[in-house]
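*Asks:* Structure of the sequence below:
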Amino acid sequence: AAATVNGSLTINANNTLADGGFTLTAKSTVANSGTHGSSGGGEILLAGTTAQNVAGTFGNVEMNNAAGTALSGAATISGSLTVDGGTTFTVAGFNFTVGGTTSVGGTLTHSSATGAKTFTGNVTINNGGIWDDTAAVIPISFGGNLQNNGTLNAGTGTHTFTGASKTFGGANAMVIPNVTVTGTYANNGTMAATASLAGTGGLTQGTGATLNLGGTLGITSLTATASPNTVNYNGAGAQTVKVIAYNNLTLSGSGAKTLTSVGTIGGSLTLSGSATMTGNAAFTVTGALNYGSSGSSTLTAATAVSIGSFNQTAGTLVDNGNTITVTGTGANTWVAPGGAFATTGTVTFTGVAPQIGVAGFRNLTINVGAGNTATLTGAITVAGTLTITSGTLADGGFTLTANGGVANSGTHSGAGKISLNGGAAAHALSG
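*Replies:* Numbering: from 1, shown residues only. Predicted coordinates:
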């Protein structure tokens, strides 16, 4: 049956206390030189009214002491660890291992980098719970899921995740400066590795997940194709984007983000802050290219670029003579209310019903297919050649100013007009 010890609880060396599946409540000191073993829901409950210390080998342990509990020597908890609300457990400078689950409803604080800290089972920080390891550069090893529904204050020590088919998740974001994954994990929430994400294992982005990367990325495997999910390179300085297929890819913070050999972006590509992109290979963005960075990016010459739509609100994007194929359709296929699109190349629209806002192009090609229509939603200027290869260009009552030639194998319609105006040479008109 359950029992309460109001005085000292002592387990001598070479002795085992088996709780038999019941709760043994310890109200005072616990001196364990032997072994406590748990079965079922049995446990030792530390529930004193003055501060208690813990060391030794235990089964299941629950802490419910408002005065606090501290590690006073090496300890191994082979079962579960529960830190109740209103309770503080301080993991001091000793070896400490939890083999089962860890549930934090109060405060679990790591105060020293001395001693190995290992949590083999799942760790859950509950609503109102606090995990803190910022007191020093404290390495911590995790073998299970990490669920943050409370507050996670992670220090700069390496947090290593070794489990197989485990998850990161929870209602609240987790920010861990240095993450090393040697197992296989899925991110199902919002996670930030602000200094490094490394390891020989793999991390898979779940549906709706966000991964913020503020430093280096050296992890062996990163999978980010779930729709939707976002990987955000948000460091303060240059970063190299890992060569994988992305769903939503964001380049933010500052500095140049190198996209060498990044070819497939199944969602959107977004630039913000003062970040720029450089070194790109040919790439395809199924969704929108959103350029909101205050910086200036120049596309690599002679690289094919395909995007679903374009939205520019700041900064400068230099096309470097490339052809940008726009495959999207509907409202806001091309809008540029801010920034500068510096173009010497060609923009080609191939969607069935793209809508093109106020913009300036060097060369513009409409190739939407017979029976389909591209529609202007603002006045545009084409400094080079306007080509209507197939389908209809409906001017929407706006003026399209063509400084160069017009080659029309399709149809122009609308109450607006194509104005042949400007340019250094005679206009060539066909169609």
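
*Asks:* so where does residue 335 fall, helix or strand?
*Replies:* strand 330-342 (DSSP states H and E).

*Asks:* hang on, I meant residue 309
*Replies:* strand 305-318.

*Asks:* could you give the angle of that strand to strand 330-342?
*Replies:* With axes from the mean of the first three to the mean of the last three C-alpha atoms, to 10 degrees as the basis, strand 305-318 and strand 330-342 are set at 40 degrees to each other.

*Asks:* if we can go back for a sec, helices or strands up against the strand holding residue 335?
*Replies:* strand 305-318, strand 346-349, strand 354-356, strand 359-361 (3 or more C-beta pairs under 8 Å, 6 or more residues apart in numbering; DSSP states H and E). (C-beta placed from N, C-alpha, C; glycine too.)

*Asks:* Surely residue 19 is in contact with residue 45?
*Replies:* No - here residue 19 lies out of contact with residue 45, judged by C-beta atoms under 8 Å, at a distance of 10.1 Å.

*Asks:* between these two, which one's more packed in?
*Replies:* With neighbours defined as other C-beta atoms under 10 Å, residue 19 and residue 45 compare such that residue 19 has more, 22 against 19.

*Asks:* Residue 185 versus the more buried one, what's the distance?
*Replies:* 33 Å (C-beta to C-beta, to the nearest Å).

*Asks:* what do you get for residue 97?
*Replies:* Note on residue 97: its distance to residue 185, by C-beta to C-beta, is 20 Å.

*Asks:* again with residue 7
*Replies:* 45 Å.

*Asks:* Show me which of the two is the more surrounded one.
*Replies:* Higher neighbour count among residue 7 and residue 185: residue 185, with 26 against 9, using other C-beta under 10 Å.

*Asks:* Where does that one fall, secondary structure wise?
*Replies:* With DSSP H and E as criterion, residue 185 is part of strand 184-187.

*Asks:* contacting residues around that strand?
*Replies:* Residues outside strand 184-187 that contact it (C-beta atoms under 8 Å, 6 or more residues apart in numbering): 161, 163-169, 201-206, 209, 211.

*Asks:* Could you count how many residues lie near residue 74?
*Replies:* 14.

*Asks:* which SS state does it fall under?
*Replies:* Using DSSP: H, G, I helix; E, B strand; the rest coil, the structure places residue 74 in strand.

*Asks:* Now do the same for it: its pLDDT.
*Replies:* For residue 74, the pLDDT comes out at 98.

*Asks:* Surely it is in contact with residue 92?
*Replies:* No - Residue 74 is beyond contact range of residue 92, at 10.4 Å (criterion: C-beta under 8 Å).

*Asks:* if I look at the two, which residues touch both of them?
*Replies:* residue 115.

*Asks:* isn't residue 386 right next to residue 406, touching?
*Replies:* Yes - at 4.7 Å, residue 386 counts as touching residue 406 under the criterion of C-beta under 8 Å.

*Asks:* Just the pLDDT at residue 336, thanks.
*Replies:* 97.

*Asks:* Relative to residue 147, how far out is it?
*Replies:* 43 Å.

*Asks:* Name the residue in these two with the higher neighbour count.
*Replies:* In this view residue 336 and residue 147 are compared by other C-beta under 10 Å, and residue 147 has more residues nearby, 23 against 20.

*Asks:* Beta-bridge partners for that one, please?
*Replies:* residue 124, residue 169 (DSSP bridges).
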